[in-house]
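Peer 1: Following is a predicted model, sequence given first.
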Amino acid sequence: MERKVWYHTEVKQLGGGYKRGTLRIDGDSATLETKEGTIEIAPIRSVGQQRVSLWLFWTAVEYGPEADVKQLYMGDRRFLGWAGILGSNNKITESLQALQGAASPAPAG
């Protein structure tokens, strides 16, 4: 899956200041291509949604090693954000949740 997204590394309300990038989810990996470089979204620690307005939720991801956990918030920017409102942000969340589940180690025992 490939999506053009707006993203930020801290919780913000709508109003601008977001960066743009391309989210790629291929098999068992997720990356965000930005002007500054590539962000590898791994290991995924948690995936959920963050409300950014009355009607809009963005995907919220915590990732990285335990000593350096990072946050990433992103929403589909196609059609001026309407793709996200119409369900694409949910698909992004579900795809990242599937990666999180696939990367979880099997319980010992």
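Peer 2: Sure thing, it's come through.
Peer 1: residues near residue 52, how many?
Peer 2: Neighbour count of residue 52, defined by other Cβ atoms under 10 Å: 23. C-beta here means a position set from N, CA and C on the backbone, and glycine is covered the same way.
Peer 1: now swap in residue 85 and tell me
Peer 2: Neighbourhood size, residue 85 [other Cβ under 10 Å]: 16.
Peer 1: buried stuff in stretch 61-80?
Peer 2: For stretch 61-80, the buried set under the neighbour-count rule, 16 or more other Cβ atoms under 10 Å, comprises 61-64, 71-77.
Peer 1: what about the spatially closest residue to residue 51 that is not a sequence neighbour, distance to residue 31?
Peer 2: The spatially closest residue to residue 51, leaving aside those adjacent along the chain, is residue 57, at 5.5 Å (Cβ to Cβ, 6 or more residues apart in numbering). To residue 31, residue 57 is 22 Å away according to Cβ to Cβ, to the nearest Å.
Peer 1: Taking the buried residues of stretch 61-80, tell me the two that lie furthest apart.
Peer 2: 64 and 77 (24.0 Å; Cβ to Cβ).
Peer 1: Against which helices or strands is the top helix by length along the chain packed?
Peer 2: The residue-count maximum for a helix in the chain (DSSP state H) belongs to helix 89-103. With contacts defined as 3 or more Cβ pairs under 8 Å, 6 or more residues apart in numbering; DSSP states H and E, helix 89-103 has these neighbours: strand 19-26, strand 29-34, strand 44-51, strand 57-63, strand 70-76.
Peer 1: List of residues touching that helix?
Peer 2: Residues from elsewhere that reach helix 89-103, judged by Cβ atoms under 8 Å, 6 or more residues apart in numbering: 1, 3, 5, 23, 25, 28-30, 41-49, 56-59, 61, 74-76.
Peer 1: Got a ChimeraX select line for the buried ones in those?
Peer 2: Buried subset of the contacts of helix 89-103, written as a ChimeraX selection, criterion 16+ other Cβ under 10 Å:
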select :3,5,23,25,30,41,42,43,44,45,47,49,56,57,58,59,61,74,75,76
